[in-house]
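# Fold the following for me, if possible:
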Amino acid sequence: MATAFVQCSPLGGFFGMMGATMALGMANLGAAYGTVKSGVAVAHLGMVHKGRSMRGMVPVVMAGILGIYGLIIAVIITNNVKTDKSYPVAAGLVHLGAGCAGGFASLAAGYAIGIVGEACATAYQRTETIFVAMILMLIFAEALGLYGLIIALLMNGKATSMSSSMCLTTLWTQ
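From the prediction side, this is the model:
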């Protein structure tokens, strides 16, 4: 009597977890850069105009959201990586791509939020009329991270639909 055992390489799990790591790491780098760059300008805004500092905090809050995007992607990828030997390497590579897509998109968004937030907080010290334009620019910068989140979720769906039939099947006879 022959019994079939499906066995995948453990590299699949490694690549999948690296995708979660890239998503969280790169998104938090973007969030940190955006927070630092715009936060310094907001602090200076608070020294010059105390009443405007709360409205000036918008770039800092939007930069922090990028870290949440990375966390969402990392949790979803981690929950879909199988630790048994039925997780194909191809699925791990797709999860790695999903993590990179979401992570690097959030890194780029954090860079944009930091530069726009710093310039707009400085301009907001001089005039309040810049506020609406600041919000619009920050929304478009934040959208970059959101695009990465959407693509990462779509790629995750593709990776989870991959079956273990892509793995090596071994027949054991008794």
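
# Leaving out the residues flanking it, which one is nearest to Asn80?
Thr160 (4.9 Å; C-beta to C-beta, 6 or more residues apart in numbering). No exception for glycine: its C-beta is placed from N, CA and C like everyone else's.

# What number of residues are in the vicinity of that neighbour?
17 (other C-beta atoms under 10 Å).

# same check, this time on Gly13
Neighbours around Gly13, by other C-beta under 10 Å: 20.

# Test my guess that it contacts Tyr87.
Yes - counting by C-beta atoms under 8 Å, Tyr87 is a contact partner of Gly13 at 5.6 Å.

# still on that earlier bit, next, find the distance separating the residue nearest to Asn80 from Ile151.
According to C-beta to C-beta, to the nearest Å, Thr160 and Ile151 sit 15 Å apart.

# before we move on, what about Phe131?
Phe131 is 31 Å from Ile151, by C-beta to C-beta.

# Was I right to think Gly145 contacts Ala105?
Yes - with contacts counted by C-beta under 8 Å, Gly145 reaches Ala105, the gap being 5.5 Å.

# one step back: now list whatever residues contact both of Gly13 and Tyr87.
Here Gly13 and Tyr87 share the contacting residues Val81, scored by C-beta atoms under 8 Å, 6 or more residues apart in numbering.

# could you show me where the helices are in the protein, in order?
11-48, 53-56, 58-80, 89-126, 131-160 (DSSP state H).

# what about His49, how many neighbours?
15.

# Count residues in the vicinity of the residue nearest to it when sequence neighbours are not counted, would you?
In this structure, His49 finds its nearest non-sequential neighbour in Gln125, 6.2 Å apart by C-beta to C-beta, 6+ apart. Residue crowding around Gln125 was assessed by other C-beta under 10 Å; the count is 18.

# Ser163 versus Gln125, what's the distance?
Where Ser163 is concerned, Gln125 sits at a distance of 58 Å (C-beta to C-beta).

# returning to that earlier point: mind putting the helices of the chain in CSV, distance to Cys167 and mean pLDDT included?
Formatted as CSV, the helices of the chain follow (distance: least, C-beta to C-beta, whole Å; pLDDT from 0 to 100):
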stretch, distance to Cys167, mean pLDDT
helix 11-48, 8, 94
helix 53-56, 54, 85
helix 58-80, 16, 96
helix 89-126, 8, 95
helix 131-160, 14, 95
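
# Most tightly packed of those?
Highest mean neighbour count among the helices of the chain (mean count of other C-beta atoms under 10 Å): helix 89-126, with a mean of 24.

# what angle separates that one from helix 58-80?
Angle, helix 89-126 to helix 58-80, by axes from the mean of the first three to the mean of the last three C-alpha atoms, to 10 degrees: 170 degrees.

# and the angle for helix 89-126 with helix 131-160?
Using the same axes, to 10 degrees: helix 89-126 against helix 131-160 is 170 degrees.
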